[in-house]
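Undergrad: Make a model of this:
(chains A, B, C and D)
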2 protein chains.
Amino acid sequence: MHPAASSTDAFGSLSLEHSSTVDRVAEELRRAVFEGELESGTPLREVALAESLGVSRPTLREALALLVAEGLATREPNRGVSVARPDPDSVRDVSTARAVLETAGVRTWPHASEEAREAVRRALGDYERAVAEHASYQELNQRHLAIHLSLVGLTGSPRLVSMAESIVAELRLALAQIDRVRRNARSQAGSHHHLLDLLEAGEIDAAVDELGEHLHGAEDAIIERLDLG
Amino acid sequence: MHPAASSTDAFGSLSLEHSSTVDRVAEELRRAVFEGELESGTPLREVALAESLGVSRPTLREALALLVAEGLATREPNRGVSVARPDPDSVRDVSTARAVLETAGVRTWPHASEEAREAVRRALGDYERAVAEHASYQELNQRHLAIHLSLVGLTGSPRLVSMAESIVAELRLALAQIDRVRRNARSQAGSHHHLLDLLEAGEIDAAVDELGEHLHGAEDAIIERLDLG
DNA sequence: CTGTTCACGATTGTCAGACAATCTGACAAC
DNA sequence: GTTGTCAGATTGTCTGACAATCGTGAACAG
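TA: I've put the predicted structure just below:
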């Protein structure tokens, strides 16, 4: 390393958030959706939202386009965009999609980078710690989904991970709508711990089966509660 | 069904295309990229493009945002968007991603809907016919990729298919850049026919292996030609 | 002659305001 | 009961504008 380079390395911890207004607006909308502040089906009026957020209408429109691309909102021509309404079919589709992605990750456990494997262990540890500390519903939910994302990370493919993120975001939306009133996050630490044990033991096929059952159970639970909503 | 419902069903075959200006602009840009008219790395100036296409700048910006979301273009803050530049790493990533998606489709062949299986046979037939008729480079390319998309369609998951479409679009971009001058589409009908035979015979594992080799070969060929470009 | 500094043009990011097209809902007409 | 019409609201798109930023080349110091 050159002296000059090492001197810049001293600021390695620094990072300037280079976020555009559009990104911040999109992030705020995402947050509102995940927290359940916006009920599914709520129309997102452009003028009202833009005014409320203190941005111009074109800027808000770009942010809305992002949300639509992520599947968190739907746009009907000449009728504007509204918060996506999760129906049983889309939940089933999201579930099969994430089953494909996560199973692929689990299958590559033996060839995955040590870094990726460590990420899975860390995600599980964070989740179990959050459970033990009776963390908020939001945090538990997020940490739980982080485990599943880390499984996809085993593939080492940024594109698969970003696809999984989009899928998981739709799942978060569905969960937020379901638990808008009653927020009861059951601990599923046992199932995940078992999954990791199987992986560490090299029993990949058994791990795939365990994951399949876990995902199927989650899908049924969501659809059931969706139907009576 | 009520009588009223059946009367509306009589128009089920009708469909009016509701394309917005943004969609048409995005489609035109996609076409230009796939045809190789826009070299990779070309900056897409907003004012010039908007004027050239006869639309306003905000409209063009929305279209560009779409392209960026699809991975066909990249945006650098305060420096605008330019046609994506496929590097070996991204080609590798796209290849592993599509391997995951297509393998998942192949694995579900036995449980797939007859409709989805028929779509695979039709895609292969169309491709072979195009080869026999010495169709244009563009058409051969598109029909070849359509086969791979139909494999993902076996999963029956719209989301997985749309992910695959995005991935394949990036691949088309890379191919367009490689073959910008020399357009030599080798017939790969043999490999695909073999794959379908294995599927029809129920030898799923062998089909998965065949697909894996096919994809790996394609990846190597692209990267090799990318390096010397 | 070489390297640095600075001002300028070009481009993007964002905004304000406007207009036509379309949708919604209600009410009148047949 | 179906159809036609109208007002209000909302979106889709356009025009014009401005500040912030980037790249470039010229002026300048060493």
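Undergrad: and A:Ile222, helix, strand or coil?
TA: Following DSSP: H, G, I helix; E, B strand; the rest coil, we place A:Ile222 in the helix state.
Undergrad: next SSE after the worst-scoring helix or strand of chain A on mean pLDDT?
TA: One helix or strand of chain A scores below all others by mean pLDDT, DSSP states H and E: helix A:3-9, with a mean of 40. Of the helices and strands lying after helix A:3-9 in sequence (DSSP states H and E), the nearest is helix A:21-34.
Undergrad: tell me, what residue is most central in chain A?
TA: Residue closest to the average C-alpha location in chain A (CA atoms, centre = their mean): A:Val168, at 3.6 Å.
Undergrad: how about that residue, what does it touch?
TA: The neighbourhood of A:Val168, defined by CB atoms under 8 Å, 6 or more residues apart in numbering or on different chains, consists of A:98, A:145, A:148-149. The C-beta positions use only the backbone N, C-alpha and C, and glycine is treated the same way.
Undergrad: just A:Asp93 next, same as before
TA: B:157-159.
Undergrad: re earlier: distance of the residue nearest to the centre of chain A from A:Val161?
TA: For A:Val168, the distance to A:Val161 equals 10 Å [CB to CB, to the nearest Å].
Undergrad: How about the closest residue to DNA strand D within chain A, nearest residue that isn't a chain neighbour?
TA: Relative to DNA strand D, the nearest point of chain A is A:Gly80 (3.1 Å; CB to the nearest atom of the strand). Counting by CB to CB, 6 or more residues apart in numbering or on different chains, A:Pro43 is the residue found nearest to A:Gly80 once chain neighbours are left out, at 5.9 Å.
Undergrad: List the residues that contact the one you found.
TA: A:Pro43 makes contacts with A:80-82, as judged by CB under 8 Å, 6+ apart.
Undergrad: what separates stretch A:204-213 from the chain centre, distance-wise?
TA: Between the centre of stretch A:204-213 and the centre of its chain there are 21 Å (CA atoms, centre = their mean, to the nearest Å).
Undergrad: buried sites along it?
TA: Under the neighbour-count criterion of 16 or more other CB atoms under 10 Å in any protein chain shown, stretch A:204-213 has A:207-208, A:210-211 buried.
Undergrad: And those residues, which two are furthest apart?
TA: The most widely separated members of those, counting by CB to CB, are A:Val208 and A:Glu210 (7.3 Å).
Undergrad: Overlap of the contact sets of these two?
TA: Counting by CB under 8 Å, 6+ apart, no residue touches both A:Val208 and A:Glu210.
Undergrad: Same list (the buried residues of stretch A:204-213) but as JSON lines, adding secondary structure.
TA: Converted to JSON lines, the buried residues of stretch A:204-213 look like this (three-state DSSP):
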{"residue": "A:Ala207", "secondary structure": "helix"}
{"residue": "A:Val208", "secondary structure": "helix"}
{"residue": "A:Glu210", "secondary structure": "helix"}
{"residue": "A:Leu211", "secondary structure": "helix"}
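Undergrad: what about A:Val55, helix or strand, and which?
TA: Going by DSSP H and E, A:Val55 is not in any helix or strand.
Undergrad: Assess the claim that it and A:Ala26 are in contact.
TA: No - between A:Val55 and A:Ala26 there is no contact under CB atoms under 8 Å: 11.0 Å.
Undergrad: Now the helix or strand harbouring A:His192: average pLDDT?
TA: Element membership for A:His192 (DSSP H and E) is helix A:189-200. Mean pLDDT, helix A:189-200: 94.
Undergrad: The host helix or strand of A:Val106 vs helix A:189-200, what angle?
TA: In this assignment (DSSP H and E), A:Val106 forms part of helix A:88-107. Per axes from the mean of the first three to the mean of the last three CA atoms, to 10 degrees, the angle that helix A:88-107 makes with helix A:189-200 is 40 degrees.
Undergrad: Export only the CA atoms of helix A:88-107, formatted as CSV.
TA: C-alpha atoms of helix A:88-107 as CSV (Å, rounded to 0.1, in the frame of the first residue of the first chain):
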residue,chain,number,x,y,z
PRO,A,88,-53.9,-16.4,-1.8
ASP,A,89,-52.6,-17.0,-5.4
SER,A,90,-49.9,-14.4,-5.0
VAL,A,91,-48.9,-15.8,-1.6
ARG,A,92,-48.7,-19.2,-3.1
ASP,A,93,-46.5,-17.9,-5.9
VAL,A,94,-44.2,-16.0,-3.6
SER,A,95,-43.9,-19.1,-1.5
THR,A,96,-42.9,-21.4,-4.4
ALA,A,97,-40.5,-18.7,-5.7
ARG,A,98,-38.7,-18.4,-2.4
ALA,A,99,-38.7,-22.1,-2.0
VAL,A,100,-36.8,-22.4,-5.2
LEU,A,101,-34.3,-19.7,-4.3
GLU,A,102,-33.7,-20.8,-0.7
THR,A,103,-33.5,-24.5,-1.6
ALA,A,104,-30.8,-23.6,-4.2
GLY,A,105,-28.9,-21.8,-1.5
VAL,A,106,-29.2,-24.7,0.9
ARG,A,107,-28.0,-27.2,-1.8
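Undergrad: Do me a favour and average the pLDDT over that helix.
TA: 97.
Undergrad: Could you list the buried residues of it?
TA: For helix A:88-107, by 16+ other CB under 10 Å, it's A:90-107.
Undergrad: Would you mind listing what in chain A touches DNA strand C?
TA: A:20-22, A:54-59, A:77-79 (CB under 7 Å from any atom of the strand).
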